[in-house]
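Novice: structure for this input, please:
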Amino acid sequence: MAGAEVQEIHCKTLLNRIDVPGFPFKWTMNPYRGCRHACRYCYARPTHEFWGLDAGREFEQRVFAKVNAPQVLRSELRKPKWRGEPIAIGTASDPYEPAESQYRLTRQILEVLRDFRNPVSITTKGVLVRRDVDVLKELSEVAGVQVSFSVGTIDDDVWKETEPGAPAPMARLEAMQFLVENGINAGVSMAPILPGLSDSPESINAVVEAAADHGARFLSANLLFLKPGSKEWFMPLIRESHPHLAPGYAQLYRKTYAPQDYTRSVLKVVDEARDRWGLVAPKPPRLLPGPQMQMELALTA
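Specialist: Numbering: from 1, shown residues only. Reported below is the predicted structural model:
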């Protein structure tokens, strides 16, 4: 994006522990802060406010690259207390945002995870992940790997309006297909589903059909939620471009999450479409036993 800049920073730690009951992962890491994909709804926008920056344009145009992230991760995984639990990458910034083409931090992180045989899940809208198919294959041989491509819609108008800096949805699906054809466990995260824009049965079925046609190994889905900081950036888009939807959004998002009855009704449509196209829900990646673990298992059998 025009005017965007990348600032190099050093981190003291990289792994973040998530202590939330029922959460699909316990550990996360993000080699970047900010994201030039510029998704209007992005829940990570408020993270820039911790740096005294705004969650709007500065989140999109001031990206921070943690240039020592691979070295810090190697140090953290060496610690005796580390138990080799799955790590999620891409929970607060896309690990394949444009800065990755220059800094290659995500690739280096994957190489560290491969060396330590540590399972990982990746969530991305970036097609640069194709570049790393070699290290992903190596990592898949020794640990669980799961790559989720965020594709909430395949409607070009909705994409251009809500994700102006991200690759086209069909390009993401083609990248996913490339990984699957190379033996990588890759699929689709239909998220976020946007009320009035991508929550119709027709829109949902179109995404699921396209995912199946491109060989998705799994498909998950989630509804839009709007945290403070994200809400202030997304709602003006609705009021300006879709004023007929504004009253409904105001009703649905009086709090961070949409009401459960609405959420359940939309996810039911997703479940039905997933069954129709023969897809399954994702399973969390797991650690595969290496030679030392196999020996320990044999001794205790």
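Novice: going forward, measure contacts between C-alpha atoms and count neighbours the same way
Specialist: OK.
Novice: least confident secondary structure element in this protein?
Specialist: Sorted by mean pLDDT, DSSP states H and E, the helices and strands of the chain end with helix 291-300, the least confident at a mean of 31.
Novice: show me where the stretch 101-250 of the chain has helices.
Specialist: Using DSSP state H, counting those that start in this stretch, the helices of the stretch 101-250 of the chain run over 105-115, 133-142, 156-162, 169-181, 201-213, 231-241, 246-252.
Novice: which one of these lies nearest to residue 275?
Specialist: For the helices of the stretch 101-250 of the chain, the distance to residue 275 is smallest for helix 201-213, at 9.7 Å, taking C-alpha to C-alpha.
Novice: quick one: mean pLDDT over that closest one.
Specialist: Average pLDDT, helix 201-213: 98.
Novice: would you mind writing the CA trace of it as CSV?
Specialist: The C-alpha coordinates for helix 201-213 follow below in CSV (Å, rounded to 0.1, in the frame of the first residue of the first chain):
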residue,chain,number,x,y,z
PRO,A,201,-26.8,-19.3,2.0
GLU,A,202,-25.7,-18.5,-1.5
SER,A,203,-22.5,-16.8,-0.4
ILE,A,204,-21.7,-19.5,2.1
ASN,A,205,-22.3,-22.3,-0.3
ALA,A,206,-20.2,-20.5,-3.0
VAL,A,207,-17.2,-20.4,-0.6
VAL,A,208,-17.6,-24.0,0.5
GLU,A,209,-18.0,-25.2,-3.1
ALA,A,210,-14.9,-23.3,-4.2
ALA,A,211,-12.9,-24.6,-1.2
ALA,A,212,-13.9,-28.2,-2.1
ASP,A,213,-13.1,-27.6,-5.8
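Novice: now the angle from that helix to helix 169-181?
Specialist: When axes from the mean of the first three to the mean of the last three C-alpha atoms, to 10 degrees is applied, the directions of helix 201-213 and helix 169-181 differ by 30 degrees.
Novice: quick one on the thing from earlier: let me have the helices of the stretch 101-250 of the chain in TSV, extended by distance to residue 5.
Specialist: Formatted as TSV, the helices of the stretch 101-250 of the chain follow (distance: least, C-alpha to C-alpha, whole Å):
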stretch	distance to residue 5
helix 105-115	17
helix 133-142	28
helix 156-162	21
helix 169-181	24
helix 201-213	33
helix 231-241	20
helix 246-252	33
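Novice: okay, those helices in CSV with mean neighbour count and distance to residue 43 next?
Specialist: Formatted as CSV, the helices of the stretch 101-250 of the chain follow (neighbours: other C-alpha atoms under 10 Å; distance: least, C-alpha to C-alpha, whole Å):
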stretch, mean neighbour count, distance to residue 43
helix 105-115, 20, 21
helix 133-142, 19, 27
helix 156-162, 15, 13
helix 169-181, 21, 19
helix 201-213, 19, 21
helix 231-241, 16, 9
helix 246-252, 14, 16
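Novice: so for residue 95, which of those helices sits nearest?
Specialist: Residue 95 lies closest, by C-alpha to C-alpha, to one member of the helices of the stretch 101-250 of the chain: helix 105-115, at 6.0 Å.
Novice: burial count for residue 14?
Specialist: The number of residues packed near residue 14 is 21, by other C-alpha atoms under 10 Å.
Novice: how about it: what's its closest non-neighbour residue?
Specialist: residue 29 (5.7 Å; C-alpha to C-alpha, 6 or more residues apart in numbering).
Novice: for the one you found, grab phi and psi.
Specialist: phi -150, psi 150 (degrees, to the nearest 10).
Novice: rewinding a little: so which of the helices of the stretch 101-250 of the chain is nearest residue 44?
Specialist: Closest of these to residue 44 is helix 231-241, at 11.2 Å (criterion: C-alpha to C-alpha).
Novice: same for the closest one, what does it pack against?
Specialist: For helix 231-241, the elements it packs on are helix 246-252, judged by 3 or more C-alpha pairs under 8 Å, 6 or more residues apart in numbering; DSSP states H and E.
Novice: export the helix or strand following the helix it packs on as CSV, just CAs?
Specialist: Sequence order places helix 260-276 as the next helix or strand after helix 246-252, per DSSP states H and E. Extracted C-alpha coordinates of helix 260-276, given in CSV (Å, rounded to 0.1, in the frame of the first residue of the first chain):
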residue,chain,number,x,y,z
GLN,A,260,-25.9,-16.5,19.8
ASP,A,261,-29.2,-17.3,18.0
TYR,A,262,-28.0,-15.4,14.9
THR,A,263,-24.5,-17.0,15.1
ARG,A,264,-26.0,-20.5,15.5
SER,A,265,-28.3,-20.0,12.5
VAL,A,266,-25.4,-18.9,10.2
LEU,A,267,-23.1,-21.7,11.4
LYS,A,268,-25.8,-24.2,10.8
VAL,A,269,-25.8,-23.2,7.1
VAL,A,270,-22.0,-23.6,7.1
ASP,A,271,-22.3,-27.1,8.6
GLU,A,272,-24.9,-28.1,6.0
ALA,A,273,-22.8,-26.8,3.2
ARG,A,274,-19.7,-28.5,4.6
ASP,A,275,-21.5,-31.8,4.7
ARG,A,276,-22.9,-31.3,1.2
